[in-house]
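> Sequence below, structure please.
(chains A and B)
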Protein chains: 2
Amino acid sequence: MSTRPVAHWIHAHPQADSFNSLLFREGVEALSRDYDVVTSDLYRQGFDPVLAARDFGDPLGRPGNVVDLMGEVFAEGRVPDDVAEEQRRLAAADLIVLQFPLWWYGPPAILKGWFDRVLTNGFAYGPNDPETGLPLRYGDGLLSGRRALVIVTAGEDDRSIGSRGISGDIDQLLFPLTHGTLWYTGIEPLDLHVVHDADGLDADDVERETARLLARLDGVVDEVPSRPYRRLKDGDYRGTRALRADLLPGRTDLDIHRIR
Amino acid sequence: MSTRPVAHWIHAHPQADSFNSLLFREGVEALSRDYDVVTSDLYRQGFDPVLAARDFGDPLGRPGNVVDLMGEVFAEGRVPDDVAEEQRRLAAADLIVLQFPLWWYGPPAILKGWFDRVLTNGFAYGPNDPETGLPLRYGDGLLSGRRALVIVTAGEDDRSIGSRGISGDIDQLLFPLTHGTLWYTGIEPLDLHVVHDADGLDADDVERETARLLARLDGVVDEVPSRPYRRLKDGDYRGTRALRADLLPGRTDLDIHRIR
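Model prediction:
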């Protein structure tokens, strides 16, 4: 019986001959030294990202909001086969790798819809914790114990998506993914792995960026985030679901949700 | 010949009997008093949000990155029919309305992919301005002169997606849409229209929220944003594409990109 940890690498780029696809192939091979790697190559699978009637239980035609209906569908074991397979892969993983090009400052639709359809109520996040009365979210979602590495390629340089860059700081631009999606479900995001100027890399750049990713993967089994997010149940948001007034008073930026 | 302004309302909710769909029907009717309203009801149209080979010119199989290839496809008049139709509607509009439920702190995949496929290089943003040498982006994209109203329904209350809420401030969560997508292409976003607690509205709440939206639409023809974004060509990012050191020194949050 294998005691090796398991990684689930989710890849979302339309061109099989792209730089992204090269990083995917080389990365999976390198990561396989330390992990049993399972892949979801969303374009090659033809994954359908549109959350629709099949996901929330039509044609039974029950009324209700999408979140509640998806919870019922999950509880009754009626999730669509393609979603059930992704849920199996994700549930079995210790490390999640998400790799995509930055399109309109977020993931491509095929990956956004993977979150919409796969991370359902009852699978990825739960009702309230009977002990604390708090929702099982933000550090304590149903997928807790897992870590995630987000690998993103961007056409811009580190000034324009840097901390004062015109396009906004990429760490904050991806907060809906790293905090609102991963951390919400309990998955701890590691520091982002960003490739800048990705539309204009020459052969040397490709070699350098590939080596940089492989070096990162080489140590990922022991990696921890440099600036973790706050955990709901630690009390920093006690009472109101807003950050306690004595913590970083006056600030309203997204960075207040990190511990340091 | 009509001299009425034109609105393009893009709606993205899977349930035809949902609260969102009610707001859509009532909103379009109300807006029709002041505008000729054209709609894109993405779920009812069956819009395919996956940017794929047809969008960047395969099966010609030309090498290159997706952005450049999509620019060539647009310049050669070969965009897919469904995208061309959306581009026609958008180009003809003075006001864009984007309406969607907040899923994983962003738009549903069907709407994310509408941005990915419709807002192509050459249509929505351009090369450098020959006069200034600056890219035609951030206030000066090819869709400038238009305004946008973003209507978003959220399951959470105004504390948890408020300015210090655990889920992050919704204005910053949607920065990739309002600034990175709309403003990038020149479309000026008005202040967000947010409906909170949208999964738990009773009949009175629905009536109140519908009335609140209709009142907002009643004045939208004259509305301006309360806190506009900075324009690239105004010089605030001179030289480096990062905000000038003398403006809001030391701050790195997304709010620095607003004029006030």
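
> Off-centre distance for stretch A:151-167?
Centre-to-centre, stretch A:151-167 and its host chain are 19 Å apart (Cα atoms, centre = their mean, to the nearest Å).

> quick check: mean pLDDT across it?
For stretch A:151-167, the mean per-residue pLDDT is 94.

> go on, stretch A:244-253?
Here stretch A:244-253 scores 94 as its mean pLDDT.

> Next, the distance between the ends of it.
Stretch A:244-253 has an end-to-end distance of 14 Å (Cα to Cα, to the nearest Å).

> Mind listing what's buried along that stretch?
Across stretch A:244-253, burial judged by 16 or more other Cβ atoms under 10 Å in any protein chain shown covers A:248, A:252-253. Where you see a C-beta, it was placed from the backbone N, CA and C, and this is true even at glycine.

> Name the residue closest to the centre of chain A, please.
A:Leu182 (4.7 Å; Cα atoms, centre = their mean).

> check contacts around it.
Taking Cβ atoms under 8 Å, 6 or more residues apart in numbering or on different chains, we find A:Leu182 in contact with A:96, A:148, A:150, A:188-189.

> show me where chain A has helices.
Listed in chain order, the helices of chain A (DSSP state H) span A:19-31, A:42-45, A:53-56, A:66-75, A:81-91, A:109-118, A:170-173, A:175-177, A:203-218.

> which residues are in contact with the second one?
Helix A:42-45 is touched from outside by A:10-14, A:16, A:49, A:82, A:110-111, A:114, B:50, B:52, with contacts defined as Cβ under 8 Å, 6+ apart.

> which one in those is the model shakiest on?
Within those, pLDDT is lowest for A:Ala16, at 90.

> how far away is that one from A:Tyr43?
With distances taken as Cβ to Cβ, to the nearest Å, A:Ala16 is found 8 Å from A:Tyr43.

> Neighbour count for these two, which is higher?
The residue with more neighbours, out of A:Ala16 and A:Tyr43, is A:Tyr43; 20 against 13, by other Cβ atoms under 10 Å in any protein chain shown.

> just to revisit the earlier point, adding neighbour count and distance to A:Val37, write the contacts of A:Leu182 out as CSV.
Shown next, in CSV, are the contacts of A:Leu182 (neighbours: other Cβ atoms under 10 Å in any protein chain shown; distance: Cβ to Cβ, whole Å):
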residue, neighbour count, distance to A:Val37
A:Ile96, 22, 11
A:Ala148, 23, 14
A:Val150, 20, 17
A:Glu188, 20, 19
A:Pro189, 21, 19
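
> Which two among those are spaced furthest apart?
Within the contacts of A:Leu182, A:Val150 and A:Glu188 form the most distant pair, 11.6 Å apart (Cβ to Cβ).

> now do the same end-to-end measure for stretch A:93-111.
With Cα to Cα as the measure, stretch A:93-111 spans 18 Å from end to end.

> typo on my end, stretch A:156-166
In stretch A:156-166, first residue to last residue: 11 Å (Cα to Cα).

> buried sites along it?
A:156, A:159-166.

> Then stretch A:126-144?
Buried, per 16+ other Cβ under 10 Å, within stretch A:126-144: A:126, A:134-143.

> Do it and chain B come into contact?
Yes - against chain B, stretch A:126-144 shows contacts by Cβ under 8 Å from any Cβ of the partner chain at A:Tyr138.

> hmm, who's touching that stretch?
With contact meaning Cβ under 8 Å, 6+ apart, stretch A:126-144 is reached by A:90-91, A:122-125, A:179, A:183-188, A:229-234, B:166.

> circling back: with distance to chain B added, can I get the buried residues of stretch A:244-253 in a markdown table?
A markdown table is the format used below for the buried residues of stretch A:244-253 (distance: Cβ to the nearest Cβ, whole Å):
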| residue | distance to chain B |
| --- | --- |
| A:Leu248 | 9 |
| A:Thr252 | 4 |
| A:Asp253 | 3 |
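
> The buried residues of stretch A:126-144 in strands, which ones?
Of the buried residues of stretch A:126-144, none are assigned to strands by DSSP state E.

> any idea which of the residues you listed is closest to chain B?
A:Tyr138 (6.1 Å; Cβ to the nearest Cβ).

> Can you get me the start-to-end distance on stretch A:158-177?
End-to-end distance of stretch A:158-177: 20 Å, with Cα to Cα as the criterion.

> so does that stretch get close to chain B?
Yes - counting by Cβ under 8 Å from any Cβ, chain B is contacted by stretch A:158-177 at A:159-160, A:162-169, A:172-173, A:175-177.

> low pLDDT regions in chain A?
Chain A contains residues with pLDDT under 70 at A:1-2, A:58-62.

> mind redoing it with 80?
Chain A contains residues with pLDDT under 80 at A:1-2, A:58-63, A:132, A:239-240.

> TSV for the buried residues of stretch A:126-144, including distance to A:Val194?
Shown next, in TSV, are the buried residues of stretch A:126-144 (distance: Cβ to Cβ, whole Å):
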residue	distance to A:Val194
A:Gly126	32
A:Leu134	33
A:Pro135	31
A:Leu136	30
A:Arg137	27
A:Tyr138	24
A:Gly139	24
A:Asp140	28
A:Gly141	25
A:Leu142	29
A:Leu143	24
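
> Determine which two of those residues are furthest apart.
Comparing every pair within those by Cβ to Cβ identifies A:Leu134 and A:Leu143 as the most remote, at 16.7 Å.

> quick revisit: and which of the buried residues of stretch A:244-253 is nearest B:Val67?
Within the buried residues of stretch A:244-253, proximity to B:Val67 (Cβ to Cβ) peaks at A:Asp253, which comes in at 29.9 Å.

> The closest one and B:Thr252, how far apart?
8 Å.

> Same question for A:Leu177.
In terms of Cβ to Cβ, A:Leu177 sits 19 Å off from B:Thr252.

> How about A:Asn20?
Per Cβ to Cβ, A:Asn20 is found 28 Å from B:Thr252.
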